[in-house]
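Asks: Starting from these lines, generate the structure:
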Amino acid sequence: MVEDSTFHIKRIRFDENYHPSDNTRLTTNFANLARGESRQENLRNVLKMIDNRFNALAHWDNPEGNRYSVEIEIISFEMNIDVSGRRETFPLIEVLNTTIVDKKNNQRIEGLTGNNFSSYVRDYDFSVLLQEHNRHQSAFSTPDKFGDLHGNLFKRVVNSRIYKDNFKKNPVICLSVSTNRTYHRTANRHPVLGVEYQQPDFSLTDQYFGKMGMQVRYFMPPNSVAPLAFYFSGDLLSDYSNLELISTISTMESFQKIYRPEIYNANSAADGCYQPSLNSQDYSITRIVYDREERSQLAVAQGKFTEENFIKPYQDILEQWLARSAA
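Replies: Residues are numbered from 1 along each chain as shown. From the prediction side, this is the model:
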């Protein structure tokens, strides 16, 4: 039964020697970077980007701009399902965990868990279920209870004993803003997160993360060119230190410059009324090789893998669990 399931964690260091494990979703930003002939150069370059951005944001008592470095672990949560005395294991979600190295004080400081977010069930929801639902629809819509299973699984992970034993704070996920929404700059400004943007109509991703128990705020950090979407539970501005927030910004902004250069490596910054676009031609390209087309194809393949190996075999059990969770 799902209620008897347990979660366990695998940790892999993300550094220049990183190789994706067999269970890693290949659609993940960091896994895509670690493949092909340029893999080690890619990894060195992105890690240097992250350290440079961190030091630029954490500039106080840092006159040489090299006081800090960021270490990153890939955290994989797997789910054990006990059915008829047989235990099955399914890779559920992956996040990143940061550690800040203060070279001046010879100190290691906990960063944030979350940052990137990868999920096999989300691949199924968006690349299989949603596509099939809309194949013969005249207008776009979402299936009934879209995201309910994924949201409940995520909340169960975050509230599990194994999560609380390993991480002190709830995760913060940092993603790109939506290309079909318009964002408006506000007067609110945070010293690290930067200027806040707002938009009144939640995107499908925003709604999906809402079912995971997370709300969203949009901030454009100092010297950035576009706002980032920060998904969190609790109080983003009060629950986390400046260095923790910087570890997330430096990590995820660097990934977004590679993955969405049209938005995050644009040659001009977002103005007061901003609609991101992947059709912009006014941007710079990093020296890091990234195959965005392959990534989208893999999302479909891995969504179908989830359907065959998780959704269909355990559908009755999962539906019963969802019904009890709703009650």
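Asks: quick check: mean pLDDT across stretch 43-56?
Replies: The average pLDDT within stretch 43-56 is 94.
Asks: Give the buried residues for that stretch.
Replies: Leu43, Asn45, Val46, Leu47, Met49, Ile50, Asp51, Arg53, Phe54, Asn55 (16 or more other Cβ atoms under 10 Å). To be clear about C-beta, it is placed using only N, CA and C from the backbone, and glycine gets the same treatment.
Asks: what helix or strand is the fifth one on?
Replies: Secondary structure assigned from DSSP states H and E places Met49 in helix 39-57.
Asks: Pull out the buried positions in whichever helix or strand comes after that helix.
Replies: Using DSSP H and E, the helix or strand that follows helix 39-57 in sequence is strand 68-83. Using 16+ other Cβ under 10 Å as the burial criterion, the residues of strand 68-83 that qualify are 68-79, 81.
Asks: try stretch 138-156
Replies: Applying 16+ other Cβ under 10 Å to stretch 138-156 flags Phe146, Gly147, Asp148, Leu149, His150, Gly151, Asn152, Leu153, Phe154, Lys155, Arg156 as buried.
Asks: can you give me the helices in the stretch 201-327 of the chain?
Replies: Taking DSSP state H, counting those that start in this stretch as the test, the helices found in the stretch 201-327 of the chain are 204-210, 236-239, 242-259, 261-264, 292-306, 315-326.
Asks: For Lys312, grab the count of nearby residues.
Replies: Counted with other Cβ atoms under 10 Å, residues neighbouring Lys312 total 9.
Asks: What of the one 4 residues further on?
Replies: For Asp316, the number of neighbouring residues by other Cβ under 10 Å comes to 8.
Asks: Would you mind confirming that Thr98 is in contact with Val70?
Replies: Yes - using Cβ atoms under 8 Å, Thr98 is in contact with Val70, at 5.6 Å.
Asks: hang on, the earlier thing: ok, which of the helices of the stretch 201-327 of the chain comes nearest Pro191?
Replies: Of all the helices of the stretch 201-327 of the chain, helix 242-259 sits nearest to Pro191, with 7.0 Å by Cβ to Cβ.
Asks: and that closest one, C-alpha only, in PDB?
Replies: Below are the C-alpha coordinates for helix 242-259, written out as PDB (Å, rounded to 0.1, in the frame of the first residue of the first chain):
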ATOM      1  CA  ASN A 242      20.700  36.100   2.200                       C
ATOM      2  CA  LEU A 243      23.500  33.600   1.500                       C
ATOM      3  CA  GLU A 244      20.900  30.800   1.200                       C
ATOM      4  CA  LEU A 245      19.000  32.800  -1.400                       C
ATOM      5  CA  ILE A 246      22.100  33.700  -3.200                       C
ATOM      6  CA  SER A 247      23.100  30.000  -3.500                       C
ATOM      7  CA  THR A 248      19.700  29.400  -5.300                       C
ATOM      8  CA  ILE A 249      19.900  32.500  -7.500                       C
ATOM      9  CA  SER A 250      23.500  31.800  -8.600                       C
ATOM     10  CA  THR A 251      22.800  28.200  -9.400                       C
ATOM     11  CA  MET A 252      19.500  28.500 -11.200                       C
ATOM     12  CA  GLU A 253      20.200  31.700 -13.100                       C
ATOM     13  CA  SER A 254      23.400  30.100 -14.500                       C
ATOM     14  CA  PHE A 255      21.300  27.100 -15.700                       C
ATOM     15  CA  GLN A 256      18.700  29.400 -17.200                       C
ATOM     16  CA  LYS A 257      21.300  31.400 -19.100                       C
ATOM     17  CA  ILE A 258      22.300  28.100 -20.800                       C
ATOM     18  CA  TYR A 259      18.800  26.600 -21.200                       C
END
